[in-house]
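Engineer: Model the following, please.
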Amino acid sequence: MASQGDDRTLTKLIEPLSIAGTYHALSVAVLGSYIGNFADGDPAKAPQFLLDEAKEGDVKARKLDRILREYADALEPAERDLLSRLALFPRGVKIEYLGWIIEAGGTVAGALIGQSSAALVRQLSRLEKLGLVFHYQTGTEAVYSAHPFLRDFFRSVLSGVRAENIHESIRAKLAPSLESRPSEKPSDPGVLDQYEFLIEQSLAAGHIQEACDLYWGGLGASTYNLENLGENTRGLRILERFFPADDFTNSFPALSTRDRSRLACDLGLFSRSLSDLARANSAFLYCAQLDTQASDARNESQDEENLSSVAQLAGRCADAATHADRAFELADLADEPDRKIGSLCTRAYTRFVLGETALAEDDFLAATELPGKAMSGYYSAQRCECDLALGRVSSALVETRRSLAVARTHNACLFNALLARLLVNTDTTMATGHLIAARQFAEKSGEIELQLRCFQAACELALAVADLPQSLIEGEAGILLADTCGFGKFSVDIRVPLAGAYLASNQYQKALQTARYALDLSEQGQYAWGQADALHLCGIAHIRLGESELARQRLTAALALRTKLTHPKTDETKRALDQLSGSGRAAGTKQKDSLPSGASPY
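Structural biologist: Numbering: from 1, shown residues only. Okay, here's the model as predicted:
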């Protein structure tokens, strides 16, 4: 119904909603809805505001609260009780589940007692027209939810019953339909939805241990199953319910120390996968604290390894090495071969990126000689990545293909991305196939590290086939993602081929800027391999720009570092220096012709 007031009347009506000349849009919208639906469009019937009751810090909230109270009073009791129950389910609820609440009867059902499904649908439709409820489809079923800005208020008007009892009415009906420990772990999205909803309802109903057991037993080894299904977002969402607002210290003290540590660890793993390195670090620190208190050296070793991985991804190579050293010390104390293998591989990789090539080789060799499981998964990928950096492409290919043959989806993505890089100079068609396979899973999973590995491989591959526009697109998109998410090591690793692509496309100033930034990041993080490649690229860019002395300085430093690393492209740096020295041109003359413009000089 149209409002019966003129502009002056309406302006006066909303004047109480103004604070320092600015109107609270949400309050104006709700007030308009109230007048249109319950006041016959007559401004004279609008709620009255007692502004002197509002405290300075929450004036807007007080005004909106008063409008909503008028709104709630205008609703039928069944509508009000329906809204107060919908408000308990932020992700929405199906008609079937609302029916279970009604079946529970008594105070759980409230004024909804005896309502049929058809009556529920009619009430939900009316509330939707009023702008208080919305719905979305999942398959053939509708899921209803109260609008987000209304939930806190309508939860507050829930009366005569505890929210836990309403959640329990759903938990008790849903639990018998799902196995607590299925022999085959669920993979169908619909079944995963049910498990997630049951975990959510169990927590809300106060069945904390049951929720924990469902996470481990029902969803199947937590990160292992969900990660391989590409369900990282679901995993993080579930774990956030165990640690609301990332409050680790006060979360469910009734759970055992081990359960809390495992849950926090998974929160860290999913956070790391989805780019929140700070949150992951906090979760792993909490795990380490719990495991230290429990004198659990084995799991404390894993905590230190996880902390090392976060530091490594962030580009803090020295910090990563410190955690890796501690991880091995604890693994040695626990005297468990499998944990020793993992911690040795982690220590080897951190030593490698710091430039301690010989020590890294010793650790990798020691890991292969220990009894227990053979090096596999991420550890194998790290070893192959190091072999690639050292120019041992043949051995890296053999190991990567062996690992891919036995890998599940997550690790298969990892090895496909690595194979794309290993094959760029020998079989670009096959490299492209591996890259496509890697990207399919990386995009589905949302895992940032996997996506960045694909960007790096794609930039290198396009550069290798002289598709310079595509190489630039892949590199620029990759560094945007890496920089935005704080993945410092990949910020360097992707800038290296990107600078090469700028050089090959004769954009020498951009190449220099890109290489300089990679050099700065590498020096800050003590990333020796990134530093060596960035120095070389800076030198080549200076040559192309005719800056001979700067080129000489950068290439001399690059040669020293590449020699120390036993870098397979050390000879390229030597040749660039020799050409610079033997050009016979007068000092300050441009040296653009010392390298072919279309080369891939990184």
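Engineer: what ranges of this structure fall below the confidence cut-off?
Structural biologist: The model of the chain has pLDDT under 70 over residues 1-64, 67, 221-223, 372, 583-602.
Engineer: per the record, what domains does it have?
Structural biologist: Domain assignment for the chain by automatic domain parsing gives 7-74, 396-486, 487-602.
Engineer: Of all the ones you listed, which one comes closest to residue 212?
Structural biologist: domain 396-486 (23.6 Å; C-beta to C-beta). C-betas here are computed from N, CA, C, even on glycine.
Engineer: Show the end-to-end separation of the closest one, please.
Structural biologist: 28 Å (C-alpha to C-alpha, to the nearest Å).
Engineer: still on that earlier bit, so can I have CSV of the domains of the chain showing mean neighbour count and distance to residue 299?
Structural biologist: CSV is the format used below for the domains of the chain (neighbours: other C-beta atoms under 10 Å; distance: least, C-beta to C-beta, whole Å):
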stretch, mean neighbour count, distance to residue 299
domain 7-74, 15, 44
domain 396-486, 21, 22
domain 487-602, 20, 26
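Engineer: For residue 312, the count of nearby residues, please.
Structural biologist: 25 (other C-beta atoms under 10 Å).
Engineer: cool, and residue 186?
Structural biologist: That count, for residue 186 with other C-beta under 10 Å as the rule, works out to 20.
Engineer: if I read this right, it contacts residue 226, doesn't it?
Structural biologist: No - taking contacts as C-beta atoms under 8 Å, residue 186 lies outside contact range of residue 226: 10.0 Å.
Engineer: Overlap in contacts, these two.
Structural biologist: 219, 220 (C-beta atoms under 8 Å, 6 or more residues apart in numbering).
Engineer: quick revisit: switch the domains of the chain over to a markdown table; also include distance to residue 250.
Structural biologist: Below are the domains of the chain laid out as a markdown table (distance: least, C-beta to C-beta, whole Å):
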| stretch | distance to residue 250 |
| --- | --- |
| domain 7-74 | 25 |
| domain 396-486 | 28 |
| domain 487-602 | 31 |
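Engineer: Can you say which helix or strand has the nearest residue to residue 510 once chain neighbours are set aside in it?
Structural biologist: In space, and not counting its chain neighbours, residue 510 is closest to residue 502: 4.5 Å by C-beta to C-beta, 6 or more residues apart in numbering. Secondary structure from DSSP states H and E places residue 502 in helix 488-504.
Engineer: and after that helix, which helix or strand comes next?
Structural biologist: helix 508-525.
Engineer: what helices or strands is the next helix or strand after that next one leaning on?
Structural biologist: Later in the chain than helix 508-525, the nearest helix or strand by DSSP H and E is helix 528-544. Contacts defined by 3 or more C-beta pairs under 8 Å, 6 or more residues apart in numbering; DSSP states H and E place helix 528-544 against helix 337-353, helix 488-504, helix 508-525, helix 548-565, helix 570-581.
Engineer: where along the stretch 1-150 of the chain do the helices fall?
Structural biologist: Using DSSP state H, counting those that start in this stretch, the helices of the stretch 1-150 of the chain run over residues 7-14, 25-38, 59-74, 77-86, 95-104, 106-109, 117-129, 148-156.
Engineer: what are the phi and psi angles of residue 161?
Structural biologist: phi -150, psi 150 (degrees, to the nearest 10).
Engineer: hang on, isn't it packed against residue 111?
Structural biologist: No - the pair residue 161 / residue 111 is not scored as a contact, 11.2 Å apart, by C-beta under 8 Å.
Engineer: More neighbours: those two, which one.
Structural biologist: Remark: of residue 161 and residue 111, residue 161 carries more neighbours, 18 against 15, as counted by other C-beta under 10 Å.
Engineer: And that one, how close does it get to residue 155?
Structural biologist: 12 Å (C-beta to C-beta, to the nearest Å).
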